[in-house]
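K.L.:
just need the structure, nothing else, for what follows:
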Amino acid sequence: MHERERQRIILAEVADKPVATVSHLVELLGASEATIRRDINSLHKEGRLRKVRGGAESLRPPTSTSLAGRPFAISQTINAKAKRWVAREAAALCEEGESIIIGGGSTAYMMAEYLKNRQLHVLTNSFVIAEYLLKNSKCSVTLPGGKVYREQNLILSPYPEDGGSNFYAAKMFFGAQGVGPLGVMETDPQIVQGTTRLLRQAEQRVLLVDSSKFEQRSSLIVCPLTQLDVVITDEGVDSKTRKLIEDTGCRLVIARAEADTA
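P.N.:
Next up is the predicted model:
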């Protein structure tokens with residue numbers, strides 16, 4: 001990753017939370033501690049953030065409550081090609097006229113782009129996916145009730161009922177912050193609550209993740225791998241992870257670059 005892109009992500013992180021630690025930024029960016037400290041020093045000298053012990057903070061710390069996790073605008077730029085291949089395979093699983101649920105996230109958003117010429121009944125808690133489908137497809141779109149979180153482009157409700165409990169879906173497509181032996185992981189309790197609520201409405205659960213997500217971990221488990229029906233990822237997934245998924249009984253779909261015509 002280039003220096004300018006790293007620094008853009010660092011600035012987004014410090015804008016979203018009181019302090020972004022060096023260790024968090026090392027894990028997020030896959031860079032060395034020395035590189036992260038150099039970037040922080042550079043941004044501090046430019047007056048774009050404030051260097052603190054063990055990390056960095058915004059010059060104007062956030063005052064409103066936001067979700068934990070990476071902003072949607074940043075997620076879109078990371079592993080974009082692999083996400084697009086995964087999204088294409090996900091769209092191919094949809095049958096004309098069926099009801100589906102699409103969760104939030106950058107890979108799910110790319111899936112919406114492949115549904116331009118389809119006619120489906122779609123429930124989504126992502127307002128950017130809803131907007132895209134309304135403008136570019138013949139799909140009918142349903143949104144749950146709740147608070148809009150601008151940075152993640154999500155609609156989430158803290159209450160047990162969000163209006164989606166009567167929606168039936170043949171399939172649910174959703175992403176994750178990380179995936180490991182214990183299951184699918186996310187960073188924020190409200191995202192976990194919103195995702196598990198939607199999972200109950202679908203007959204089949206389809207996880208959309210680029211291969212880098214199998215190297216990432218988070219503190220919250222959405223569901224075990226045994227509750228998934230299909231996992232779609234790219235060719236970067238290693239043999240150990242392939243076996244882990246297949247041993248749970250999930251169907252593993254590998255999205256390949258050469259098949260992409262978009």
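K.L.:
hey, let's count contacts and neighbours off CA atoms from now on
P.N.:
OK.
K.L.:
and the residue nearest to residue 29 when sequence neighbours are not counted, helix, strand or coil?
P.N.:
In this structure, residue 29 finds its nearest non-sequential neighbour in residue 6, 7.0 Å apart by CA to CA, 6 or more residues apart in numbering. Under the three-state scheme (DSSP: H, G, I helix; E, B strand; the rest coil), residue 6 adopts helix.
K.L.:
now do residue 6 against residue 111, distance only.
P.N.:
Going from residue 6 to residue 111 by CA to CA, to the nearest Å gives 26 Å.
K.L.:
ok, those two, which is more surrounded?
P.N.:
More neighbours surround residue 111 than the other of residue 6 and residue 111, with 24 against 19 (other CA atoms under 10 Å).
K.L.:
where's the more buried one, which helix or strand?
P.N.:
If you go by DSSP states H and E, residue 111 is part of helix 106-113.
K.L.:
and the helix or strand where residue 40 lies, what's buried?
P.N.:
Counting by DSSP H and E, the element that carries residue 40 is helix 33-45. Neighbour-count burial for helix 33-45 flags 36, 37, 39, 40, 41, 43, 44 (criterion: 16 or more other CA atoms under 10 Å).
K.L.:
kindly report the same for stretch 22-34.
P.N.:
Of the residues in stretch 22-34, 22, 25, 26, 29 count as buried by neighbour count, 16+ other CA under 10 Å.
K.L.:
how far off centre is it?
P.N.:
20 Å (CA atoms, centre = their mean, to the nearest Å).
K.L.:
residues contacting that stretch, please?
P.N.:
Here stretch 22-34 makes contact (CA atoms under 8 Å, 6 or more residues apart in numbering) with 6, 10, 36, 37, 54, 55, 56.
K.L.:
kindly provide the distance from the third one to residue 111.
P.N.:
As judged by CA to CA, residue 36 and residue 111 stand 33 Å apart.
K.L.:
hmm, back to that, now, among the contacts of stretch 22-34, which is nearest to residue 77?
P.N.:
residue 6 (11.3 Å; CA to CA).
K.L.:
for residue 144, see how far away the closest one is.
P.N.:
35 Å.
K.L.:
one step back: let me have the buried residues of stretch 22-34 in JSON lines, adding distance to residue 234 as columns.
P.N.:
Output for the buried residues of stretch 22-34, formatted as JSON lines (distance: CA to CA, whole Å):
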{"residue": "22", "distance to residue 234": "29"}
{"residue": "25", "distance to residue 234": "25"}
{"residue": "26", "distance to residue 234": "24"}
{"residue": "29", "distance to residue 234": "20"}
